[in-house]
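Student: okay, here's the prediction I keep looking at, along with the sequence it came from:
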Amino acid sequence: MDPSGSGVLQSLATLLAHTAAHEGALLNADPLRELALLWQVVEGSAPTTEKRLAFLRAHSPQLAGTRACRINCWALELKGKTLPASVAASDAAYWRKVVLPTYLRIERRARELVAGAAYEKPCRVQPVTWGAVGRLSPEADDREEAAQHGLVPIGCEGTLNDGFAAKGAVSSS
């Protein structure tokens, strides 16, 4: 094991950035809000970096490589400044000019977050997930899927994905 924990921190930051890209951060006008939602879930899931990494690997099995990827698979190919092989040649200029700088910003912020940087939480209630849990098909609706797991949307601010929490965690006002 890495005594400094830097390998675990780097692994967590990389998987967090890839997951944010996979989950739509590149589509949000403020991609760091999507990243903040994911981090709020991950940070609240476990007390240590190792356990947070384990949670994120279990929560995002396509990106962790433990389940075959079915949607947004290009996110698996994100390796810094290189163009994913699955990006069409006709999209290369857009990738380099728009997508790559945004992704690098997400990646930089992910490293800061896992290192302990302060951030504005987008959800007032602690979310247990973003989107759906254990989605069975790419066409599945996040809210329907979450409801099957006893979760309700909690109205996170500035995010494209919903944050979800257990019904009992949300007080009716």
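Tutor: Sure thing, it's come through.
Student: alpha carbons only for contacts and neighbour counts from here, please
Tutor: OK.
Student: low-confidence stretches in this structure?
Tutor: Scanning the chain for pLDDT under 70 picks out 1-5, 71-72, 79-82, 132-140, 171-173.
Student: residue ranges of the helices in it, please?
Tutor: 6-22, 31-45, 49-59, 61-64, 92-94, 100-114, 142-148 (DSSP state H).
Student: adding mean neighbour count and distance to residue 164, write these out as a markdown table.
Tutor: Listed next are the helices of the chain as a markdown table, based on neighbours: other C-alpha atoms under 10 Å; distance: least, C-alpha to C-alpha, whole Å:
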| stretch | mean neighbour count | distance to residue 164 |
| --- | --- | --- |
| helix 6-22 | 21 | 16 |
| helix 31-45 | 24 | 9 |
| helix 49-59 | 18 | 14 |
| helix 61-64 | 20 | 19 |
| helix 92-94 | 12 | 33 |
| helix 100-114 | 20 | 21 |
| helix 142-148 | 18 | 7 |
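Student: out of those, flag the one nearest residue 128.
Tutor: Across the helices of the chain, residue 128 has its closest neighbour in helix 31-45 (5.5 Å, C-alpha to C-alpha).
Student: just want the angle from that closest one to helix 49-59.
Tutor: On the basis of axes from the mean of the first three to the mean of the last three C-alpha atoms, to 10 degrees, helix 31-45 is oriented at 110 degrees to helix 49-59.
Student: which strands and helices sit next to helix 31-45?
Tutor: Judged by 3 or more C-alpha pairs under 8 Å, 6 or more residues apart in numbering; DSSP states H and E, the packing partners of helix 31-45 are helix 6-22, helix 49-59, helix 100-114, strand 129-130.
Student: residue 130 reaches residue 35, doesn't it?
Tutor: No: assessed by C-alpha atoms under 8 Å, residue 130 is found out of contact with residue 35, at 10.6 Å.
Student: need the helices of the chain in TSV with distance to residue 162, can you?
Tutor: Shown next, in TSV, are the helices of the chain (distance: least, C-alpha to C-alpha, whole Å):
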stretch	distance to residue 162
helix 6-22	13
helix 31-45	9
helix 49-59	15
helix 61-64	19
helix 92-94	28
helix 100-114	19
helix 142-148	8
